[in-house]
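K.L.:
only geometry, no sequence info:
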């Protein structure tokens with residue numbers, strides 16, 4: 001009796017099963033790539049949209065980059081900021097410079113015109129005449145990098161107002177947080193397109209889970225952020241522009257706790273690597289420092305934290321707006337700008 005035949009049949013079955021599994025996984029990743037191209041107009045590499053950033057240690061957008069996705073369409077102007085960029089040949093406009101990270105870039109805005117900074121001209125134009133806005137928000141950027149870009153362009157743009165809407169990246173830097181490993185728990189497996197798609201979808205599917213640090217952002221660390229804010233204000237004023245400080249919005253309501261807080265603080269806690277309660281305290285402490293600097297320096301304050309409430313319709317995740325939230329944020333920033341008593345000669349860029 002030939003006993004090798006059953007063994008060969010079993011081996012062939014395992015071989016076919018392994019081949020089917022490989023083809024299935026390959027098919028899933030091809031579908032994930034195709035879906036990204038349709039939705040975002042590009043694919044993600046190392047969890048960044050391919051073609052959007054310049055190479056280098058500091059996050060900078062690539063001038064002229066175009067990601068014409070079906071759901072999210074992003075274009076970068078010649079200055080290296082999200083479109084539209086101002087026409088530098090014009091001298092008859094009031095210009096507003098909005099600095100920050102992904103929450104200023106407004107990553108959930110489906111197109112450039114829907115981002116909250118791009119909404120400001122329609123809200124300000126009646127009082128200030130023609131208005132041009134620079135959306136200088138760069139996902140992942142911190143305030144020091146924002147100011148580098150401001151120095152590079154301020155003498156060409158001559159902004160009349162500079163809105164400072166920074167926060168999450170500064171708190172993450174203080175917390176010393178590193179990006180979580182993700183669903184796969186393995187950098188090689190996590191690099192697969194299907195795993196990256198699932199990782200980006202996870203916050204919408206369920207609140208993130210992780211082993212949070214027990215530490216909290218200390219008062220002395222918030223003192224550092226306050227000093228950095230003061231230096232930014234000084235630099236903006238030295239450039240002849242009016243600083244507008246803005247509290248940073250958060251989906252979690254003040255005083256929230258328990259399961260509601262874990263759900264609503266979501267990605268912000270993962271970003272900082274802190275517990276939900278420590279994350280909420282860090283944001284509130286930072287916003288208190290913003291209010292303090294605004295009061296002590298006599299600066300206009302856009303209380304975006306107060307203006308954009310916890311209504312889920314306002315939020316794409318814990319810190320980034322959906323369209324209703326973007327509209328509320330823009331209206332609050334416009335209110336703060338219009339609260340400034342402009343001298344008669346300040347209606348145009350210099």
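P.N.:
All right, it came through fine. Just so we're clear, the structure is a prediction, and the values are computed from it rather than from any experiment.

K.L.:
tell me the strands beside the helix or strand harbouring residue 245, with direction?
P.N.:
In this structure, residue 245 sits in strand 242-246 according to DSSP states H and E. Here strand 242-246 has these sheet partners by DSSP bridges: strand 161-165 (parallel), strand 301-302 (parallel).

K.L.:
and for the longest one, what's in contact with it?
P.N.:
If you take C-beta atoms under 8 Å, 6 or more residues apart in numbering as the criterion, strand 161-165 is touched by 94-100, 103-104, 117, 137, 143, 150, 229, 232-233, 236, 239, 241-246, 248, 302, 304, 333, 337, 340. Every C-beta, even on glycine, is put in place using the N, C-alpha and C of the backbone.

K.L.:
7 Å - rerun?
P.N.:
Residues outside strand 161-165 that contact it (C-beta atoms under 7 Å, 6 or more residues apart in numbering): 96-100, 103-104, 232, 236, 241-246, 248, 304, 333, 337.

K.L.:
count of residues packed around the nearest residue to residue 160 once chain neighbours are set aside?
P.N.:
In space, and not counting its chain neighbours, residue 160 is closest to residue 94: 5.0 Å by C-beta to C-beta, 6 or more residues apart in numbering. Residue 94 is flanked by 24 other residues according to other C-beta atoms under 10 Å.

K.L.:
for residue 94, phi and psi?
P.N.:
Main-chain torsions, residue 94, degrees, to the nearest 10: phi -90, psi 130.

K.L.:
and it, how far from residue 168?
P.N.:
For residue 94, the distance to residue 168 equals 29 Å [C-beta to C-beta, to the nearest Å].

K.L.:
run the chain-centre distance for stretch 322-337.
P.N.:
Centroid separation for stretch 322-337 versus its chain: 16 Å, with C-alpha atoms, centre = their mean, to the nearest Å.

K.L.:
following element in sequence after the strand holding residue 245, please.
P.N.:
Next along from strand 242-246, by DSSP H and E: helix 258-272.

K.L.:
okay, helices next: where are they in this structure?
P.N.:
Under the criterion DSSP state H, the chain contains helices at 4-40, 102-105, 120-128, 143-157, 168-175, 187-190, 193-205, 219-238, 258-272, 276-297, 304-307, 323-338.

K.L.:
the third one versus helix 323-338: what angle between them?
P.N.:
Calculated by axes from the mean of the first three to the mean of the last three C-alpha atoms, to 10 degrees, helix 120-128 forms an angle of 30 degrees with helix 323-338.

K.L.:
pretty sure residue 247 contacts residue 307?
P.N.:
No. Using C-beta atoms under 7 Å, residue 247 is not in contact with residue 307, being 8.9 Å away.

K.L.:
low-confidence stretches in this structure?
P.N.:
Along the chain, segments meeting pLDDT under 70 span 1-5, 29, 32-33, 35, 37-39, 41, 46, 177-213, 341-350.
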